[in-house]
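Trainee: here is my input; please provide its structure:
(one chain, ligands or ions: 1)
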Amino acid sequence: MRIGITCYPTYGGSGVVATELGIELAALGHQVHFISYSQPFRLNGREEGIFYHEVPVSSYPLFEFPPYDLALASRMAEVAEFNDLDLLHVHYAIPHSVSALLARQMLASRGRRLPFVTTLHGTDITLVGLDRCYLPITRYSIEQSDGVTCISNYLKEKTVESFEIARPIEVITNFVNCDVYAPIKDQAVRAEGRKKLAAPDEAILMHLSNFRPVKRVVDVVKIFARVAREMPAQLILIGDGPDRSAAEWLAHDLGIQCRVHFLGKQERVNELLPLADILLMPSELESFGLVALEAMACKVPSIATRVGGIPELIDNGETGLLYEVGDVDGMAEGALSLLRDRERLNAMREAGRHTAQKRFCASLVVPQYVRYYEKTVNSGQ
Ligand code: GMT
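Mentor: Residues are numbered from 1 along each chain as shown. Sure thing, here's the model as predicted:
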């Protein structure tokens, strides 16, 4: 198939899923065209079967807000026509599904069909989409999509309930490439990698996010401070965003700044994750929690919150430990209990990898998207 994909190219789960999906589809022989304002950060521009089309957004003194959604719709229509696309797949409803709707109408007026699939990821429904400014158009574009998918059952229920959507929504969960996200088999190599982050007797706790308030990065530092009081440990934080400075200040105020390391945005997180003992994900909300899945595939269990779609991914006590939002004492206790009980930690490491392979591996999930595309393309003919 020839598939156009639009996503936010910035550091965020929906962009990661869209990019990894494009890479997997291209590896299966499909032709993939990314249409966005900049190249998605996990693409290097040299992948076979993947093409990138930038959306130029020109400004004009009259425009206080340059109309990106219109520029995107124009580019989608052009790319679809010039490359004979079978369909568009947009990730994150706002504004991508509205632009896709316009592109579909533009091409229809020229006698061409361009169906589009919208994948809902989370805050496009739970936060931004519920904002009254966007709610009516988000609901409309979901209803008008030729296909709609959600990344968890939680998000499907939330969408149906909050937007009173009657149309069918397919749940296609997020996925991970278990060859790319994998434990480091050679223990000497792993030990060498860990040496750059911590002393041999120290535990490594990790956090990875875009440091938005919903991620509760300050809780990450609080949890770590409690762990570090009890045992030698280092905290590695990957990513960047609005709450980084608050987390840095807290590390200083607690006097643990020499054990807390902010690495900023990293491209090859698959090389860092397997070095950790535990991932901390104390989010206020996660519709899925992709980072926890990537960590599981690397045999790293998560200490996380019992919110949104996380319980669909993490089996409490089996593949990770779940707590109420803000329960930093509980999460610290959980981390300590696992780090002190290597047998239990190892069992969890194995169970997590097993779950990633058996339920969330790209080789199982990506074909579900392909089948859904085929159904969508064929149903309107
Ligand atoms: O959570 C973020 O900061 C990014 C956001 C996005 O849309 O880019 O992530 C959402 O989509 C991810 C991929 O499907 C999910 O793994 C995240 O759980 C979801 N975030 C929230 O629901 C808060």
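Trainee: tell me where the stretch 101-250 of the chain has strands.
Mentor: Along the stretch 101-250 of the chain, counting by DSSP state E, counting those that start in this stretch, strands occupy 116-120, 147-150, 170-171, 203-208, 233-238.
Trainee: so which helix or strand of this structure has the lowest pLDDT on average?
Mentor: Lowest mean confidence among the helices and strands of the chain (mean pLDDT, DSSP states H and E): helix 123-126, at a mean of 79.
Trainee: that one near the ligand anywhere?
Mentor: Yes - using CB under 6 Å from any ligand atom, we find that helix 123-126 touches the ligand at residue 123. Every residue, glycine included, has its C-beta placed from N, CA and C.
Trainee: stretch 108-118 now?
Mentor: No - counting by CB under 6 Å from any ligand atom, the ligand has no neighbours in stretch 108-118; the shortest distance is 12.9 Å.
Trainee: CA atoms only for the least confident helix or strand of the chain - export them in CSV, please.
Mentor: Taking C-alpha atoms only, helix 123-126 is exported to CSV below (Å, rounded to 0.1, in the frame of the first residue of the first chain):
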residue,chain,number,x,y,z
THR,A,123,-4.4,13.9,25.5
ASP,A,124,-6.1,14.6,22.2
ILE,A,125,-9.1,13.1,24.0
THR,A,126,-8.5,13.4,27.8
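Trainee: which residues sit against it?
Mentor: 14, 92-94, 129, 138, 155, 158-159, 162-163, 214, 285, 287, 308 (CB atoms under 8 Å, 6 or more residues apart in numbering).
Trainee: next: stretch 191-201.
Mentor: Contact partners of stretch 191-201, identified using CB under 8 Å, 6+ apart, comprise 184, 204, 232, 233, 234, 236, 261, 271, 274, 275.
Trainee: among the contacts of helix 123-126, which are within reach of the ligand?
Mentor: Counting by CB under 6 Å from any ligand atom, 14, 92, 214, 285, 287, 308 from the contacts of helix 123-126 sit close to the ligand.
Trainee: which of those residues fall within strands?
Mentor: Counting by DSSP state E, no part of those is found in strands.
Trainee: can you list the residues you listed in a markdown table and add neighbour count and pLDDT?
Mentor: Compiled in a markdown table, those are given as follows (neighbours: other CB atoms under 10 Å; pLDDT from 0 to 100):
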| residue | neighbour count | pLDDT |
| --- | --- | --- |
| 14 | 26 | 93 |
| 92 | 26 | 93 |
| 214 | 18 | 95 |
| 285 | 20 | 96 |
| 287 | 28 | 96 |
| 308 | 21 | 97 |
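Trainee: show the model's pLDDT score for residue 381.
Mentor: Per-residue pLDDT puts residue 381 at 62.
Trainee: could you do residue 128 as well?
Mentor: At residue 128, the pLDDT value in this model is 72.
Trainee: how many neighbours does it have?
Mentor: Around residue 128 there are 16 other residues, counting by other CB atoms under 10 Å.
Trainee: that one and the ligand, how far apart?
Mentor: 9 Å (CB to the nearest ligand atom, to the nearest Å).
Trainee: wait, what's in contact with whatever residue of the stretch 51-200 of the chain ends up closest to the ligand?
Mentor: Closest to the ligand within the stretch 51-200 of the chain is residue 122: 2.5 Å, counting by CB to the nearest ligand atom. Applying CB under 8 Å, 6+ apart, one finds that residue 122 lies in contact with 13, 14, 151, 155, 285, 286, 287, 288, 308.
Trainee: tell me the secondary structure for residue 41?
Mentor: Classification of residue 41 by DSSP: H, G, I helix; E, B strand; the rest coil places it in coil.
Trainee: angle of whichever strand or helix holds residue 351 against strand 203-208?
Mentor: Here residue 351, judged by DSSP states H and E, is contained in helix 342-359. Inter-element angle recorded for helix 342-359 and strand 203-208: 30 degrees (by axes from the mean of the first three to the mean of the last three CA atoms, to 10 degrees).
Trainee: care to break this protein down by domain?
Mentor: Annotated domains of the chain cover 2-175+361-379, 187-359 [automatic domain parsing].
Trainee: which residue packs closest to residue 366, ignoring adjacent ones?
Mentor: Leaving aside its chain neighbours, residue 366 sits nearest to residue 24 (4.4 Å; criterion: CB to CB, 6 or more residues apart in numbering).
Trainee: so the one you found lies in a strand, does it not?
Mentor: No - going by three-state DSSP, the assignment for residue 24 is helix, not a strand.
Trainee: that one touches residue 178, doesn't it?
Mentor: No - the criterion here is CB atoms under 8 Å, and residue 24 misses it with residue 178 at 11.8 Å.
Trainee: overlap in contacts of these two?
Mentor: Joint contacts of residue 24 and residue 178 (CB under 8 Å, 6+ apart) are residue 362.
Trainee: next, the contact list for the closest residue to residue 110 other than its chain neighbours, please.
Mentor: Among residues not flanking residue 110 along the chain, residue 81 sits closest, at 7.5 Å (CB to CB, 6+ apart). Contacts for residue 81 were tallied using CB under 8 Å, 6+ apart; they are 107, 110, 112.
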